[in-house]
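Chemist: generate coordinates for the sequence data below:
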Amino acid sequence: MAKPGANLWILLAAMLAGGLGLFAGYVFEARPGWLLNSETGQAVLQTAVNTGTRVPDDLLIAERGDPLPDIRLGNLTGGIEPVADAAGRPLLINFWASWCGPCIEEMPALDAFARQQGDNGVQVVGIALDDLDAVKSFLADTPVGYRILLDVASARDSSVQLGNRRGVLPYSVLVDANGIIQRIRLGPFAHGEVEDWAAED
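Modeler: The predicted model follows:
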């Protein structure tokens, strides 16, 4: 026989579990703007995603407020380039893969944003955590006007170095004109969101 009050605790636990379930459904199915678009929401989301993730002890992870590390990656022609190739300009780094549906959906918005920037605006670079042949094949059908670099997904890849400990895609990082990381974003941009995100002070 249950102790007096035990049924009340069971009922409260069930209500709490139901509430958490509704919240999780809202967060991950309804794409709430506050979670994906605000810095506070992104911080909460990133903390939740990264909790319990282990990275190599000797790997330095750059966070908001840190200088962008000097990362050099392969390009589509077999050369090596720095991720930031134009000093004095802000930089939007977008990690993606050809097999990532949300990445592909946001690429037209990123491409339109990059084309609007001209020679002095925000430079955009896409870093594909993917196979070279797959990336070339994808870009042949869906070309973009911004630079594309390549990395191999691993516990030490460039996205992990920039705070993406779980390897979630798409993943974007905004670096200011002085080379300091200002914003980090998990998840895709919807139409019109890139401009606001990259313009915020």
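Chemist: rest of the way, CA atoms for contacts and neighbours
Modeler: OK.
Chemist: partners of whichever strand or helix holds residue 124, with directions?
Modeler: Residue 124 is part of strand 123-129, with elements assigned from DSSP states H and E. Neighbouring strands of strand 123-129 in its sheet, by DSSP bridges, are strand 91-96 (parallel), strand 147-151 (parallel).
Chemist: for the last one, which positions count as buried?
Modeler: To tie it back to what came earlier, the one meant is strand 147-151. Neighbour-count burial for strand 147-151 flags 148-151 (criterion: 16 or more other C-alpha atoms under 10 Å).
Chemist: now swap in the longest one and tell me
Modeler: Within strand 91-96, the residues that qualify as buried are 91-96, counting by 16+ other C-alpha under 10 Å.
Chemist: what of stretch 116-128?
Modeler: For stretch 116-128, the neighbour count (16+ other C-alpha under 10 Å) marks 121-128 as buried.
Chemist: just stretch 154-161 next, same as before
Modeler: 155-156, 158-161.
Chemist: centre-most residue in this protein?
Modeler: Nearest to the geometric centre of the chain sits residue 171, at 1.4 Å (C-alpha atoms, centre = their mean).
Chemist: by mean pLDDT, point me to the weakest helix or strand of the protein.
Modeler: helix 6-29 (a mean of 48; mean pLDDT, DSSP states H and E).
Chemist: which of the helices or strands spans residue 105?
Modeler: Counting by DSSP H and E, residue 105 is found in helix 101-116.
Chemist: re earlier: for residue 178, find the nearest of the strands paired with strand 123-129.
Modeler: Among these, strand 91-96 comes nearest to residue 178, with 9.9 Å by C-alpha to C-alpha.
Chemist: between the closest one and helix 101-116, how many degrees?
Modeler: Interaxial angle, strand 91-96 versus helix 101-116 (axes from the mean of the first three to the mean of the last three C-alpha atoms, to 10 degrees): 150 degrees.
Chemist: which among the buried residues of stretch 116-128 gets closest to residue 105?
Modeler: So of the buried residues of stretch 116-128, ranked by how close each gets to residue 105 (C-alpha to C-alpha), first place is residue 126, at 13.8 Å.
Chemist: against residue 58, how distant is that closest one?
Modeler: Using C-alpha to C-alpha, to the nearest Å, residue 126 is found at 26 Å from residue 58.
Chemist: quick one: low-confidence parts of this structure?
Modeler: 1-56, 200-201 (pLDDT under 70).
Chemist: if we go to 50?
Modeler: 2, 13-14, 16-32, 34, 42, 44-45, 48-49 (pLDDT under 50).
Chemist: re earlier: distance to residue 101 added to the buried residues of stretch 116-128, as JSON lines?
Modeler: Shown next, in JSON lines, are the buried residues of stretch 116-128 (distance: C-alpha to C-alpha, whole Å):
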{"residue": "121", "distance to residue 101": "28"}
{"residue": "122", "distance to residue 101": "25"}
{"residue": "123", "distance to residue 101": "23"}
{"residue": "124", "distance to residue 101": "20"}
{"residue": "125", "distance to residue 101": "19"}
{"residue": "126", "distance to residue 101": "15"}
{"residue": "127", "distance to residue 101": "15"}
{"residue": "128", "distance to residue 101": "13"}
